[in-house]
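# Structure, please.
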Amino acid sequence: MPVKLRLQRHGKKGKPFYWLVAADSRSKRDGRYLEKIGTYNPNTNPAAVNIDNDRALNWLEKGAQPTDTARTLLSYRGIMYKHHLNGGVRKGAFTQEDADKKFEIWLKEKTAKIQSKEEGLSKDQAKAKAKRLENEKATSDKRLADAATAEAEAEAAAKKAVEETPAAEETSATEEASAAEGAPATEEAPATEEAPAAEEAPDSQDEVKK
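This next block holds a predicted model:
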């Protein structure tokens, strides 16, 4: 029975989570499997890869063929390199001790690279966070400055309105006083006109008697 090491999809929509399984190559991708040997979570940075090295190596020794993605994950964990070293031991190219030493050296270098990448990501995240906080502070300061300016303009407008109100009242009072002073002069005018008519009346009566 041909066996493949491949990924089986799980997780939510938009957030996939994979199992690394040994399954019959004729079964469906998400169908029955022979053994679960690891997990792969691409939603983290860096991606989380957890594999049972011994079980994965055991399946490789039995002739199981990994898919391209599974091979990448196995290489990331050093399992494919370990499988290659075991092949060299079987062929007599070097001893098991030499193979173990080579694998330990590779493992240290790989661990250092992963750690360096994680530290770099942490620094980038810290810089991004600091920049985001700086932008938020600048936005907040601008908002406060705009609010203070608007408040100052409103106070100035209110003060100006208060100063203009007494002047308008004085103008209105002056106009009313002028109107009150002009009223008697207008009433005396007809009396002045009637006086000559009264004086002329005796002359008219004298003329009648004559």
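# can you list contacts of stretch 30-46?
Contacting residues not belonging to stretch 30-46 are listed as 3, 5, 7-9, 15-24, 27, 47-52, 55-56, 59, 73, 114, 117-118, 121 [Cβ atoms under 8 Å, 6 or more residues apart in numbering]. The way it works is simple: take the backbone N, C-alpha and C, and place the C-beta from them, glycine included.
# average model confidence for it?
For stretch 30-46, mean pLDDT rounds to 89.
# Can you mark which positions in that stretch are buried?
Tyr33, Ile37, Gly38, Thr39, Tyr40 (16 or more other Cβ atoms under 10 Å).
# Pull the number of nearby residues for Leu107.
As a burial measure, Leu107 scores 14 neighbours (other Cβ atoms under 10 Å).
# Look up which helix or strand it falls in, please.
helix 96-209 (DSSP states H and E).
# Let me see the contact set for the residue positioned nearest the centre of the chain.
Note on the chain: the residue nearest the mean C-alpha position is Arg132, at 9.1 Å, using Cα atoms, centre = their mean. The contact partners of Arg132, by Cβ under 8 Å, 6+ apart, come to none.
# got a pLDDT number for it?
Looking at Arg132, its pLDDT reads 81.
# Pull up the gap between it and Ala138, please.
Here Arg132 is placed at a distance of 11 Å from Ala138 (Cβ to Cβ, to the nearest Å).
# Tell me, how many residues neighbour Ala56?
26.
# hang on, isn't it packed against Val21?
No: taking contacts as Cβ atoms under 8 Å, Ala56 lies outside contact range of Val21: 10.5 Å.
# Name the residues contacting each of those two.
Common neighbours of Ala56 and Val21 (Cβ under 8 Å, 6+ apart) are Leu5, Ile37.
# any idea of the mean pLDDT in stretch 101-115?
Averaged over stretch 101-115, pLDDT sits at 88.
# swap in stretch 138-149?
Averaging pLDDT along stretch 138-149 yields 85.
# Stretch 159-168 too?
Here stretch 159-168 scores 72 as its mean pLDDT.
# Just the C-alpha atoms of it, please, in PDB.
Once non-C-alpha atoms are left out, stretch 159-168 reads as follows in PDB (Å, rounded to 0.1, in the frame of the first residue of the first chain):
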ATOM      1  CA  LYS A 159     -17.500  88.800  23.800                       C
ATOM      2  CA  LYS A 160     -17.800  90.800  20.600                       C
ATOM      3  CA  ALA A 161     -21.600  90.300  20.700                       C
ATOM      4  CA  VAL A 162     -21.800  91.500  24.300                       C
ATOM      5  CA  GLU A 163     -19.800  94.700  23.400                       C
ATOM      6  CA  GLU A 164     -22.000  95.500  20.400                       C
ATOM      7  CA  THR A 165     -25.300  95.200  22.400                       C
ATOM      8  CA  PRO A 166     -25.000  98.400  24.600                       C
ATOM      9  CA  ALA A 167     -24.000 100.500  21.500                       C
ATOM     10  CA  ALA A 168     -27.100  99.300  19.700                       C
END
